[in-house]
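**Q** Quick one, fold the following:
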Amino acid sequence: MGSVAYRIAGNPDQHAVVISWQNPLLGWNTYRGSGTPKGFDLDIHGGSGIHATVVFILRRWLYQSTHSS
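**A** Numbering: from 1, shown residues only. Predicted structure coming up:
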């Protein structure tokens, strides 16, 4: 089991984005992310099973749409 927390420089709210995972000797690997601040997305891509590989992508929205439908 492991985790890492990131604080985004310049973010006045000082939210911590937390990424965590479990890689047990027996059973399935699991992973998750939480604490994504406003204006950011955390994408999680990966497989499942006992040999899972996962990629976490934290991205900032540079432009917000002002167009209304």
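**Q** Run through the helices of the protein in chain order.
**A** Under the criterion DSSP state H, the chain carries no helices.
**Q** Which residue ranges of it form strands?
**A** 2-7, 16-22, 30-34, 40-46, 54-60 (DSSP state E).
**Q** For the ones you listed, please prepare TSV with the additional fields mean neighbour count and mean pLDDT.
**A** In this view, the C-beta of every residue, glycine as well, is placed from N, C-alpha and C. Below are the strands of the chain laid out as TSV (neighbours: other CB atoms under 10 Å; pLDDT from 0 to 100):
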stretch	mean neighbour count	mean pLDDT
strand 2-7	12	89
strand 16-22	16	89
strand 30-34	15	88
strand 40-46	12	88
strand 54-60	13	89
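**Q** Skipping its backbone neighbours, what lies nearest P37 in space?
**A** Of all residues not flanking P37 in the chain, H15 sits nearest, at 4.0 Å (CB to CB, 6 or more residues apart in numbering).
**Q** quick one: contacts for the one you found?
**A** Going by CB atoms under 8 Å, 6 or more residues apart in numbering, H15 touches 7-8, 35-37.
**Q** Of those, which is the nearest to R60?
**A** I8 (8.2 Å; CB to CB).
**Q** Local confidence estimate at the residue nearest to P37?
**A** At H15, the model reports a pLDDT of 76.
**Q** My read is that W21 contacts W28, right?
**A** No - between W21 and W28 there is no contact under CB atoms under 8 Å: 11.4 Å.
**Q** residues contacting I44?
**A** 31-33, 54-57.
**Q** Could you check how far it is from L25?
**A** 23 Å (CB to CB, to the nearest Å).
**Q** so the closest residue to S3 other than its chain neighbours bridges to which residues?
**A** Residue nearest to S3 in three dimensions, not counting chain neighbours: S20, with 3.8 Å by CB to CB, 6+ apart. Bridge pairing for S20 (DSSP bridges) gives the partners S3, R32.
**Q** S20 and A5: what is the separation?
**A** From S20 to A5 the distance is 9 Å (CB to CB).
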